[in-house]
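1. sequence below, structure please.
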Amino acid sequence: MHTCRTFFLAALGFITLYAAPTRAQDSDNVPKVNSDAKRVAIVPLGNKDGTDGAREKSMTALRTLLENQNYRVVEGDTVKKAYEEATGETPGVKDKLLTLRDKDLLAVGRTLKVDFVIAANLRWHTKSIYVFPTLRTKADCTVDALVVDVAKAEVVIEKTNIQRNSENKNAAAGVIAVLGGLGYGAISGGPKTPPQTVSAVNALYVALEEFVGTKKGPHKINEDKKPAKIAKQGKTNAKSEDK
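-> Predicted coordinates:
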């Protein structure tokens, strides 16, 4: 089972990252976001040892994960300029990590008049591994992430050293969905780009799960609702996958 899922993720990564249509061409796959949704600014990602394709596709995946949760995403030159003014640093430069400071993100958020600001560093380690009968490229990605609530002047997420790899067998359904529908055409970067992207999206999802995961907020208790019947587990039930 584990071997099949690993093969599926690897194949999905290669198919998605090299054969998918462009986002502009595939407008039906663009998430529909409400006009009154919360606005989230994403600072161009800090990075180390990643390909151009992996960095770009990781940013695309993060945007899609947020839009799938009905956030309006602000990114690009506007955010880059606001970050430069707040810190004196240029974000998104190849092989340059961000200095993650909450007060800087707060300043960016106030300048852009958004609800939240997200900044993250992605550090990759990539190597070739032998899987019979050939070599395969494996990537590990370590993520540090910081999210600031601008109105409350609070840090809502602060995660460090969240590590996932391109071989993870228990990827969340949201990650698999995004990898299957990134909607970008081929980007140069060689064989490293697909596994680096898979590992980065996995790690970003875990680090920012409060934002990009399935939300279960407050809800009314239905006192008249009958409790659901729980099926008895038989001796033949399969063991669950290791997490």
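2. can you tell me the element E84 falls in?
-> Here E84 sits within helix 77-87, counting by DSSP states H and E.
3. who are the packing partners of that helix?
-> When contacts are defined as 3 or more CB pairs under 8 Å, 6 or more residues apart in numbering; DSSP states H and E, helix 77-87 packs onto strand 39-42, helix 102-112. For every residue, glycine as well, the C-beta is placed using N, CA and C.
4. could I get the average pLDDT for that helix?
-> For helix 77-87, the mean per-residue pLDDT is 97.
5. CA atoms of it as CSV?
-> Coordinates of each C-alpha in helix 77-87 appear next as CSV, following Å, rounded to 0.1, in the frame of the first residue of the first chain:
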residue,chain,number,x,y,z
ASP,A,77,5.3,43.3,-6.8
THR,A,78,3.0,45.2,-4.4
VAL,A,79,3.8,42.9,-1.5
LYS,A,80,7.5,42.8,-2.5
LYS,A,81,7.7,46.6,-2.4
ALA,A,82,5.9,46.8,1.0
TYR,A,83,8.3,44.2,2.4
GLU,A,84,11.4,46.0,1.1
GLU,A,85,10.2,49.3,2.7
ALA,A,86,9.6,47.6,6.0
THR,A,87,12.8,45.6,6.2
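6. how close does D36 get to A120?
-> 26 Å (CB to CB, to the nearest Å).
7. who's more crowded, the two?
-> Under the criterion of other CB atoms under 10 Å, the comparison of D36 against A120 puts A120 first, with 29 against 8.
8. contacting residues around the more buried one?
-> Residues near A120 by CB atoms under 8 Å, 6 or more residues apart in numbering: 43, 45-46, 62, 98, 100, 143-146, 204, 207-208.
9. S128 is nearest to which of the helices and strands packed on helix 77-87?
-> With CB to CB, the closest approach to S128 among the helices and strands packed on helix 77-87 belongs to strand 39-42: 31.7 Å.
10. so what touches the helix or strand that comes right after that closest one?
-> Using DSSP H and E, the helix or strand that follows strand 39-42 in sequence is strand 46-48. Outside strand 46-48, the residues that touch it by CB under 8 Å, 6+ apart are 55, 91-92, 94-98, 100, 119-124.
11. ok, 6 Å please
-> Here strand 46-48 makes contact (CB atoms under 6 Å, 6 or more residues apart in numbering) with R55, D95, L97, L98, N121, L122, R123.
12. which SS class is the fourth one?
-> Three-state secondary structure (criterion: DSSP: H, G, I helix; E, B strand; the rest coil) places L98 in coil.
13. how near is it to T60?
-> Look at L98 and T60: by CB to CB, they are 18 Å apart.
14. quick one: the helix holding E84 to helix 102-112, angle?
-> 130 degrees (axes from the mean of the first three to the mean of the last three CA atoms, to 10 degrees).
15. report the buried residues of helix 77-87.
-> In terms of neighbour count (16 or more other CB atoms under 10 Å), helix 77-87 has its buried residues at V79, K80, A82, Y83, A86, T87.
16. ok, stretch 127-138 next?
-> T137, K138.
17. quick check: which ranges of the chain have low pLDDT?
-> Along the chain, segments meeting pLDDT under 70 span 1-31, 168-174, 176-177, 180-190, 214-243.
18. strands along that one, start to end?
-> 39-42, 46-48, 72-74, 116-131, 134-149, 154-165 (DSSP state E).
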